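Participant: Pasted the sequence and its predicted model underneath.
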Amino acid sequence: MTKLSVNINKIATLRNARGGTIPNVIQFAKDCERFGADGITVHPRPDERHITRNDVYQLKEVIRTEFNIEGYPDTRFMKLIKEVKPEQVTLVPDPPGILTSNTGWDVIQHKQQLADIISEIKTHGSRVSLFLNPEIEQVHAARACGADRIELYTGPYAEQYSADKLHAVQAYSQAAIAALKTGLGINAGHDLNLDNLKFFKQNLTRLDEVSIGHALISDALYYGIENTIQLYKRQLQ
């Protein structure tokens, strides 16, 4: 069974738009777990426009499934990881101020930097995943620098899905095969939704985990969060 990690950034965005504590990010995370989520994902950014550092510390105290923290490994982020020690750290190459993740690492170019960072994170007991485009040479480089998993950036898959879904998924299928041969676990995320998730899952040899936020939270406006989590989990069966 592929695990579903719910990214709760958008709940924090809604709270921050008005200030105060409504909706309550911490309670929402606990409820997602209660409704069947296999993990909680956050991506704290330097400007704290959604998840804040304080949120991360509070979430660490209540999450009982898997806590996945995404981010660019600057000094601020590395300090947070050292103190929180989440089950999984997903490293993304986002520069400061970017709206949302839009590409994977060039691991070949940053191999030594990433190897050093991954080594440091592992001393805190966290599993490390690298956010990647579906490129076989990058998969091999991720393994060489010590990553435990890759997270396939599925933005291009989602964009191409309606026009030619077989073509859209092809590179991901090949990248997954390469990852399995090297012993890497496989995660995926970005723009996966109720329309394209099942086909993606069916066309990968293995898929350990998906992290979904924007689409899932948007669907919850219509279906409710408990029902929405179950709808997504059915796509992963």
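Facilitator: All right, it came through fine.
Participant: Please count neighbours and contacts with C-alpha atoms only from this point.
Facilitator: OK.
Participant: so what's the residue nearest the centre of the chain bridging to?
Facilitator: The structure's the chain has its C-alpha centroid closest to Ser211; by Cα atoms, centre = their mean the separation is 4.2 Å. According to DSSP bridges, the partner residues bridging Ser211 are Ser5, Gly189.
Participant: Skipping its backbone neighbours, what lies nearest Asn203 in space?
Facilitator: Ser173 (6.2 Å; Cα to Cα, 6 or more residues apart in numbering).
Participant: Was I right to think that neighbour contacts Gln202?
Facilitator: No - assessed by Cα atoms under 8 Å, Ser173 is found out of contact with Gln202, at 9.6 Å.
Participant: Who has more neighbours out of the two?
Facilitator: Taking neighbours as other Cα atoms under 10 Å, Ser173 and Gln202 compare with Ser173 leading, 19 against 14.
Participant: Wasn't the more buried one part of a helix?
Facilitator: Yes - using DSSP: H, G, I helix; E, B strand; the rest coil, the assignment for Ser173 is a helix.
Participant: so who does it touch?
Facilitator: Residues near Ser173 by Cα atoms under 8 Å, 6 or more residues apart in numbering: Asn203, Leu204, Thr205.
Participant: One more: Phe200?
Facilitator: Val169 are the contacts of Phe200 under Cα under 8 Å, 6+ apart.
Participant: how near is it to Leu231?
Facilitator: Counting by Cα to Cα, to the nearest Å, the separation of Phe200 from Leu231 is 15 Å.
Participant: Rounded mean pLDDT for the helix or strand that contains Arg234, please.
Facilitator: Assessed by DSSP states H and E, Arg234 sits inside helix 225-235. Here helix 225-235 scores 98 as its mean pLDDT.
Participant: Now do the buried residues in it.
Facilitator: Going by neighbour count (16 or more other Cα atoms under 10 Å), the buried part of helix 225-235 is Ile225, Glu226, Thr228, Ile229, Tyr232, Lys233, Gln235.
Participant: how about the nearest residue to the second one, chain neighbours excluded?
Facilitator: Translated: Glu226. Nearest one to Glu226, counting by Cα to Cα, 6+ apart, is Phe35 at 5.2 Å.
Participant: Just confirm Ala142 contacts Trp105, I think it does.
Facilitator: No - using Cα under 8 Å, Ala142 is not in contact with Trp105; the gap is 9.2 Å.
Participant: overlap in contacts of the two?
Facilitator: Leu130.
Participant: Compare those two (neighbour count), which wins?
Facilitator: Set side by side, Ala142 and Trp105 show more neighbours around Ala142, with 28 against 20, by other Cα under 10 Å.
Participant: Tell me the backbone dihedrals of the closest residue to that one other than its chain neighbours, please.
Facilitator: Nearest non-adjacent residue to Ala142, counting by Cα to Cα, 6+ apart: Val107, 6.3 Å away. Dihedral pair for Val107: phi -70, psi -30, per degrees, to the nearest 10.
Participant: how about the strands of this structure, start to end?
Facilitator: 3-7, 39-42, 67-71, 88-91, 127-132, 149-153, 185-189, 209-212 (DSSP state E).
Participant: Just send the ones you listed back as CSV, with mean pLDDT and distance to Arg49 too.
Facilitator: Listed next are the strands of the chain as CSV, based on pLDDT from 0 to 100; distance: least, Cα to Cα, whole Å:
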stretch, mean pLDDT, distance to Arg49
strand 3-7, 98, 15
strand 39-42, 98, 12
strand 67-71, 97, 14
strand 88-91, 98, 19
strand 127-132, 98, 21
strand 149-153, 98, 22
strand 185-189, 98, 20
strand 209-212, 98, 18
